[in-house]
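Participant: Here is my input, please return the structure:
(3 chains)
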Amino acid sequence: MARRGNPARLVIALSVAAVLAVFLLYTSIAGGGTPSLKPSELRGHTGRVSLTGVVTGPVSGDGRNAPLHFRLRDIGGTKAVPVVYEGSRPDLFKRGRDIVLSGELRNGTFVGVPGTLVTKCPSKYAPKKSSSV
Amino acid sequence: MTTALVVAAALAVAAVLLVAAPFLREPRDGDDVLDRRDALDERRLELSEERDRALLALRELEFDHRTGKISDDDYRVLVGEYRRRAAAALRALEPKAARREKVDVQH
Amino acid sequence: MPDVGRATLLVTLGLSLYATGAGAWAARAGRRRLADSAGNALLTALGTSAIAAGVLLVALVRHDFSFTYVADHTSTRLPTGYTISAFWGGQEGSLLLWLLVLSGYSAAAVLLNRRRAPDIAAWSVPVLGGVMTFFALLLVVVASPFATQAPPAEGAGLNPSLQNPYMLAHPPLLYLGYVGLTIPFAFAMGALLAKRTDERWIVATRRWTLVAWTALGIGQLLGSHWAYVEVGWGGFYAWDPVENAALMPWIAATAFLHSVMIQEKRGMLRIWNVLLVVLAFSLSLFGTFLTRSGVVNSIHSFTQSSIGPWFLGFICLVVAFSLALVFARLPLLRSRTRLESLVSREAAFLYNNLLLVAFCLTVLWGVAFPMLSELVRGESRTLGQPYYNFFLRAFGLPLLLLMGIGPLIAWRRASARALSRTFLWPAGVALATGAALVAAGAGSSMPGLVAYTFAAFVMASIVLEFVRGTRAAGSVMTLVGRNRRRYGGYVVHAAIVLLAIGVAGSAYDTTAEGRLRPGQTLETGAWTATYRSLSQERAANALELRARVDLFRDGKPAGTIFPGKNRYFAEAQTSNEMAIHTDWLRAEDVDVIADQINTDGSIYFRVVVKPLVNLIWVAGLVFLLGSLVAMWPDAREQRRLAARYALASA
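Facilitator: Take a look at the predicted model:
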């Protein structure tokens, strides 16, 4: 059987090339994601980052009536950073809980973006998300 | 504790019995060989699939034509080819007896 | 009792090892009795897994806190239904569920195929045995559900957010899906090992794949609905790694379901099909790994458990083995038919597959990115919603359009004239819908508008298919009865269209928020919400705080809802109880969330209006219906296939 080449192969090759091109274009324009950091890695980073850590320190405020103030420490570490957040304090939020928060470091204090505070639930292998604006 | 041991032992025995069961009786047909396909079977299977595909294609062509996806001209061009293909596939499968001698397995 | 459990798991491990070793030997040497014996081992393993599961279940129901697992995941105050669901609420129990479901599927697959397709079944047994061995090994060595301790007075209770009916349905359905993908994988490997190149393995596993795919799809929808109703952020999908973990194998399975049709019709894409099923199964394992290993930063998983490396190792083993086998059989698998035209239904299926796989890999890249960027740059970076939404649109919108085009094209070759005739009506409907939507103000979101227009196109083409088909066949019942897979598939497409419309609707959400005292209101869109009063009630295991909120649409009373919070005693946790008012006529929801309840009786509320969101849930029902139609046994087809596969030497 004369094989003049299967157009399917050409289509697949072109598609792969096209997808890669779209990928490259997207990442070069939109940038490669936001950094996910621990408090100890925060120093020197400007711009929006995602911070993960354990809630410690004196906790004051409830987010809505008064800004929520607390300190965030590395999970399994000691370095902590002061955090201020204006947005609803999630129900699961409490000292000793793991949280993730987006924001930026300003004058030594991490300012969180409203709506991005997510508290992780303490139970292992349990699906739970609690986020509030 | 002992109940657990008894249950576990009973389970193990039952498992072994179930697994050994095929060996506890004479093999069927007197041979212990797993059904294998030989070249003839392979060829016959291939031809069966070819036949089914050809018949299915013909049926779909008719349906597509009736539902307007294929124009009358296209239908006239294709239906002959499809029918020939289906006929060839049907012929290739029979007669079985004659086939057994004449089939030259080449692929 | 725990000893019985441990013993049965050990026996299961032994049986699985036997099934793998003896099964492989039997298949290689062609020994029938040994092959039957190996198959029996898998059947027996179902029994022993069931006993192990029974032991755990009884311990849960009896609140036997001497079992560490029971103490960690239940409490005496937990309602019975949730006590049972705690079976899969933790690592060890969920692994046992994996094992149980796998042994069930394997037993059924072996029973049904050992006489009908002995050579493939003989080789599938060791593959299934291998996967069983892995999970049994984990349960015996790494994560035993039967660890014991001195029983505490009270258990830790179930995480309050897991205490709802979804916990009873969502995980088991997902498991039926994840695990179910093992069967087509095992049979594909079995066929390759048996040096077969025909589609016997596909025919044998078609319904299994459909069942697994349907379960995975419904499971995910339930999960989305759960997130929507329970979590209180007004959304239903966050592109979280654990959510993506279930999405990826589902997309791969969708691609597989389509590409096997090409192999059936034209004998093409054999290699592609095998690779797809390997991908689907590997992603299923990868998803299970993601959910437990703590390797990715997710709100769902966090504990660094020792189980991660095991899974990773097993996945590498599976992929290496499969690829090696495919490579070894490459000459056999090469197909002899070519794609005749780039404008044909085969080509449409090919494009569909390319788009689906591209999207699947995009999600995979997004999930793996934090780990990879950490390795390469030393800093972990995450790709968020913008990344996923971009590619969802880039690949999803063409896929949507293709769903409408595919059915209208003929096989092999489509002529321009026939195409233009069949496309005319659906295209017209789409353009008219688009124009009407722009007039109604939907132009505010371009992707939303495009999605709606394409959706109209697809719906019109599906309706056209049914109308034309009915005319040709005589009645709808005859039509569907003779072409169950095709028309069931069209119903599923309609479900996807509804899903797309519902998802696209979220581009038009509106929100209002603020602190309200009794009597004050919030307005958004056409809706008004007035806060009246706050009350509290004591339930079995929680204190329930509820706010009374009256809703008005265009000034007219539309109902009263009660958002609030639950304060759980045993777990010392609070959960958000969002209230949803559904306007069924418009398929839109008004979600009222009591974000923060202050001591002075004022409450910070968030009101979100979500147009068309209920179409997503309706889509789930339509999806289920379509799948059932597609998987319904067809006597005529069964006869034809049975005749085809009857052995020549009968």
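Participant: biggest helix in chain B, by residue count?
Facilitator: In chain B, taking DSSP state H as the definition, the longest helix is helix B:39-66.
Participant: Does chain C have contacts with it?
Facilitator: Yes - Helix B:39-66 reaches chain C (Cβ under 8 Å from any Cβ of the partner chain) through B:40-41, B:44-46, B:48-50, B:52-53, B:56-57, B:60-61, B:63-64, B:66. (Glycine included, C-beta is placed from N, CA and C.)
Participant: Show me the shaky parts of the chain.
Facilitator: As the question left the chain open, I've gone with chain A. Applying pLDDT under 70 to chain A flags the ranges A:1-6, A:28-32, A:121-133.
Participant: meant chain B, my bad for not saying
Facilitator: Checking chain B against pLDDT under 70 turns up B:1, B:27-31, B:95-107.
Participant: Setting aside sequence neighbours, what's the nearest residue to the residue nearest the centre of it?
Facilitator: In chain B, the C-alpha nearest the mean C-alpha coordinate belongs to B:Leu45, at 6.0 Å (Cα atoms, centre = their mean). Closest residue to B:Leu45 apart from its sequence neighbours, by Cβ to Cβ, 6 or more residues apart in numbering or on different chains: C:Asp198 at 5.4 Å.
Participant: For the longest helix of chain B, buried residues please.
Facilitator: Buried residues in helix B:39-66, counted by 16 or more other Cβ atoms under 10 Å in any protein chain shown: B:42-45, B:47-55, B:57-58, B:60-61, B:63-65.
Participant: again with stretch C:157-176
Facilitator: C:157-164, C:166-167, C:170-176.
Participant: does that stretch come close to chain A?
Facilitator: Yes - applying Cβ under 8 Å from any Cβ, one finds stretch C:157-176 touching chain A at C:Asn159, C:Ser161, C:Leu162.
Participant: so the second one touches C:Glu230, yeah?
Facilitator: Yes - with contact taken as Cβ atoms under 8 Å, C:Ser161 and C:Glu230 are classed as touching, separated by 6.3 Å.
Participant: Now list whatever residues contact both of the two.
Facilitator: C:Ser575 (Cβ atoms under 8 Å, 6 or more residues apart in numbering or on different chains).
Participant: what about A:Lys94, which SS state?
Facilitator: Recorded secondary structure, A:Lys94: coil (DSSP: H, G, I helix; E, B strand; the rest coil).
Participant: same question, A:Asn65
Facilitator: coil.
Participant: Near it, how many residues? Count them for me, please.
Facilitator: If you count neighbours by other Cβ atoms under 10 Å in any protein chain shown, A:Asn65 ends up with 13.
Participant: For C:Ala594, which three-state class applies?
Facilitator: At C:Ala594, secondary structure determined by three-state DSSP is strand.
Participant: I'd say it and C:Ile603 touch.
Facilitator: Yes - using Cβ under 8 Å, C:Ala594 is in contact with C:Ile603, at 5.2 Å.
Participant: overlap in contacts of these two?
Facilitator: C:Ala547.
Participant: What distance do you get for the one residue in the stretch 1-150 of chain C that gets nearest to chain A to chain B?
Facilitator: Nearest residue of the stretch 1-150 of chain C to chain A (Cβ to the nearest Cβ) works out as C:Gln91 at 4.7 Å. Distance of C:Gln91 to chain B, computed by Cβ to the nearest Cβ, to the nearest Å: 24 Å.
Participant: Over to A:Pro58?
Facilitator: Relative to chain B, and taking Cβ to the nearest Cβ, A:Pro58 is found at 53 Å.
Participant: Point me to the helix or strand that includes the most centrally placed residue in chain C.
Facilitator: Nearest to the mean C-alpha position of chain C, by Cα atoms, centre = their mean, lies C:Leu216 at 2.6 Å. C:Leu216 is located in helix C:200-226, with elements delineated by DSSP states H and E.
Participant: Next, the angle from the helix or strand following that helix to helix B:39-66.
Facilitator: Once the chain leaves helix C:200-226, the next helix or strand it forms, by DSSP H and E, is helix C:241-266. Computed by axes from the mean of the first three to the mean of the last three Cα atoms, to 10 degrees, the angle separating helix C:241-266 from helix B:39-66 equals 90 degrees.
Participant: Run the chain-centre distance for helix C:241-266.
Facilitator: 11 Å (Cα atoms, centre = their mean, to the nearest Å).
Participant: do that helix and chain A meet at all?
Facilitator: Yes - residues of helix C:241-266 contacting chain A under Cβ under 8 Å from any Cβ: C:Val242.
Participant: can you tell if the helix or strand following that helix touches chain A?
Facilitator: Downstream of helix C:241-266, the first helix or strand assigned by DSSP H and E is helix C:270-293. Yes - contact of helix C:270-293 with chain A (Cβ under 8 Å from any Cβ) involves C:Thr291, C:Arg292.
Participant: For the residues of stretch C:157-176 next to chain A, could you give me JSON lines that also reports pLDDT and secondary structure?
Facilitator: Putting those into JSON lines (pLDDT from 0 to 100; DSSP: H, G, I helix; E, B strand; the rest coil) gives the following:
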{"residue": "C:Asn159", "pLDDT": "72", "secondary structure": "coil"}
{"residue": "C:Ser161", "pLDDT": "70", "secondary structure": "helix"}
{"residue": "C:Leu162", "pLDDT": "74", "secondary structure": "helix"}
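Participant: Can you show me the helices along chain B?
Facilitator: B:2-20, B:39-66, B:72-93, B:96-102.
Participant: elements contacting the longest helix along chain C?
Facilitator: Taking DSSP H as the assignment, the helix of chain C that covers the most residues is helix C:345-377. For helix C:345-377, the elements it packs on are helix A:7-30, helix C:241-266, helix C:270-293, strand C:380-382, helix C:385-405, judged by 3 or more Cβ pairs under 8 Å, 6 or more residues apart in numbering or on different chains; DSSP states H and E.
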